[in-house]
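**Student:** give me a model of this one.
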Amino acid sequence: MTIPPDIVCVSLTTWAGEYTTSTGQLMAELARRHRVLFVNYAPTLKDVYGQWRGQKRLPTGSGGRETLTTVFLPHGGTLHVLTPPWVLPINPLPPGRVYDALLAFNVARIGGSIRRATRRLGFEKPVVINALHPTVGRGLLGRLGERATVYYGYDEISAETWSKAHGVPAEREFLPKADAVVVSSAGLLERKKPLNPRTFLVENGVDFDLFHRAYPRPPRPVPTVGYLGAVDNRLDADLLEACFVRFPDVRFVFIGRVPEAGLRERFGRYANVAFTGPKPPSELPDLVRQMDVGLIPFVKNEQTRAIYPLKINEYLAAGLPVVTTRFAELGAFEGVVRVVDSVGEFLEAVRESLSENDLEIELRRIAVARGNSWARRGEALEGVLERMFNVQRSIFNVQ
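**Tutor:** Predicted coordinates:
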């Protein structure tokens, strides 16, 4: 039998962090049948200095040094994690010759680190999966001995201020050169396919077994509405304030980072609002178990139109009623999620959800989440690899 290809994932995130990432989940699934090297986002000298001053802690704990570790996964597979050595903090620089020269320096350091790791691990002709890191991916093309390159776009790179100046032109140049492009939402599929006709949809999934631990949920004296995720510019603040006022006896809990201090101050004025801060994935089921309703109160714009929210299946795995704005194409959840178009409809949907007591629909929600597990998404990504190499399904040993 042909050996499944080795995978090198060059990520914009780190393997170990305070929240679940789709990149990490998919690579963990591929590690069931492939040898996988997960390449953390390289720390910059600014990051290293901040850690030295005690102002921040690098998620990798590398201190700016190159490290290679092995992670033993719950399903029995293993995954290798590489943290490249420090690089220069060049993202604030404007496009131009200086930026290009310093980027080439960074790419050389990252590429050299990856080659050392793949030699040490005995990887041969890996498939390189670049996860929303086109500035580096563009420079690494053809320099890792790869048999193919896949670009994984799980977010709209043009929607974030930090990524517009360099990420957008890099993506436009990089995508047509990739052997395949994988995106996480219908909105992204529509936008990226013109850049590369070999673009495929692999939507976000859920760690079903983890979040299903929150079911069944015991009755609580104080009704609780919850939100999982970052409290940031995606949220419709006016809509949420309308909820706080309309339901003064309901507790609203935000579980996640609050990168925008203005929203914490604005929402914190209400006595029925609480923030837990970010929590590790292992603690989330206990928090979800305390909810009566899960919210996705996103504004509708170019950024959110490209989102397939992780939290939607996490709520459903717990059997929770879900109320969401129609920020993107959510037709797949018709009948199990309340999708609304106005403030009035949103408030009414929250009211209905708080009084709901329907075992049949709870079980339907759980069934939908089970069908959207990360294991299924991992199989879908392997299907993309199959198409790319035009090989028989048995090569990848997918059941």
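**Student:** in a strand, Gly277, correct?
**Tutor:** No. Read with DSSP: H, G, I helix; E, B strand; the rest coil, Gly277 is coil and lies in no strand.
**Student:** how much space between it and Pro5?
**Tutor:** According to CB to CB, to the nearest Å, Gly277 and Pro5 sit 40 Å apart. C-beta here means a position set from N, CA and C on the backbone, and glycine is covered the same way.
**Student:** again, but for Thr135
**Tutor:** From Thr135 to Pro5 the distance is 25 Å (CB to CB).
**Student:** follow-up on the earlier one: more neighbours: which of Gly277 and Pro5?
**Tutor:** Neighbour totals were compared for Gly277 and Pro5, and Pro5 leads with 23 against 10 (other CB atoms under 10 Å).
**Student:** I'd say Leu284 and Ala317 touch.
**Tutor:** No. Applying CB atoms under 8 Å, one finds Leu284 not in contact with Ala317, separated by 10.6 Å.
**Student:** overlap in contacts of those two?
**Tutor:** Counting by CB atoms under 8 Å, 6 or more residues apart in numbering, the residues touching both Leu284 and Ala317 are 210-211.
**Student:** of those two, who's got more company?
**Tutor:** Neighbour totals were compared for Leu284 and Ala317, and Ala317 leads with 27 against 23 (other CB under 10 Å).
**Student:** now name the helix or strand holding the residue of the chain positioned farthest from its centre.
**Tutor:** The C-alpha centroid of the chain is most remote from Pro221, which lies 34.0 Å away (CA atoms, centre = their mean). Using DSSP states H and E, Pro221 is not contained in any helix or strand.
**Student:** and the pLDDT at the residue nearest to Thr21 when sequence neighbours are not counted?
**Tutor:** Once flanking residues are discounted, Thr21 sits nearest to Thr13: 4.9 Å by CB to CB, 6 or more residues apart in numbering. pLDDT for Thr13: 93.
**Student:** what's the longest helix in this protein?
**Tutor:** Counting by DSSP state H, the longest helix found in the chain is helix 97-121.
**Student:** tell me which residues in that helix are buried?
**Tutor:** Buried positions in helix 97-121, judged by neighbour count with 16 or more other CB atoms under 10 Å: 99, 103, 106-107, 109-111, 113-114, 117-118, 121.
**Student:** quick check, Thr69 in a helix?
**Tutor:** No. Counting by three-state DSSP, Thr69 falls outside a helix, being strand.
**Student:** neighbours of it, how many?
**Tutor:** Around Thr69 there are 15 residues (other CB under 10 Å).
**Student:** returning to what we had before: list the helices and strands the helix or strand just after the longest helix of the chain packs on?
**Tutor:** Next along the chain after helix 97-121, taking DSSP H and E as the criterion, comes strand 127-131. In this structure, strand 127-131 makes packing contacts with strand 7-11, helix 134-140, strand 148-153, judged by 3 or more CB pairs under 8 Å, 6 or more residues apart in numbering; DSSP states H and E.
**Student:** please identify the deepest-packed of those.
**Tutor:** Stretch with highest mean neighbour count among the helices and strands packed on strand 127-131: strand 7-11 (a mean of 26; mean count of other CB atoms under 10 Å).
**Student:** list the strands paired with that strand, with their directions.
**Tutor:** Its sheet considered, strand 7-11 pairs with strand 36-39 (parallel), strand 127-131 (parallel) by DSSP bridges.
**Student:** now the element after that strand, going C-ward?
**Tutor:** Going down the chain from strand 7-11, the next helix or strand is helix 22-30, by DSSP H and E.
**Student:** specify the angle between that next one and strand 127-131 in degrees.
**Tutor:** For helix 22-30 against strand 127-131, the angle by axes from the mean of the first three to the mean of the last three CA atoms, to 10 degrees is 150 degrees.
**Student:** pull the residues that contact helix 22-30.
**Tutor:** By CB under 8 Å, 6+ apart, the list of residues contacting helix 22-30 from outside reads 7, 9, 11-13, 15, 17, 36, 38, 73, 75, 77, 79, 129, 131-132, 152, 154, 184, 202, 204-205, 207, 310, 374-375, 377-379, 381-382.
**Student:** mean confidence score for that helix?
**Tutor:** Here helix 22-30 scores 97 as its mean pLDDT.
**Student:** identify each buried residue in it, please.
**Tutor:** 22-30.
**Student:** now distance to Glu348 too, for the residues you listed, in a markdown table please.
**Tutor:** Below are the buried residues of helix 22-30 laid out as a markdown table (distance: CB to CB, whole Å):
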| residue | distance to Glu348 |
| --- | --- |
| Ser22 | 32 |
| Thr23 | 37 |
| Gly24 | 37 |
| Gln25 | 34 |
| Leu26 | 37 |
| Met27 | 41 |
| Ala28 | 40 |
| Glu29 | 39 |
| Leu30 | 43 |
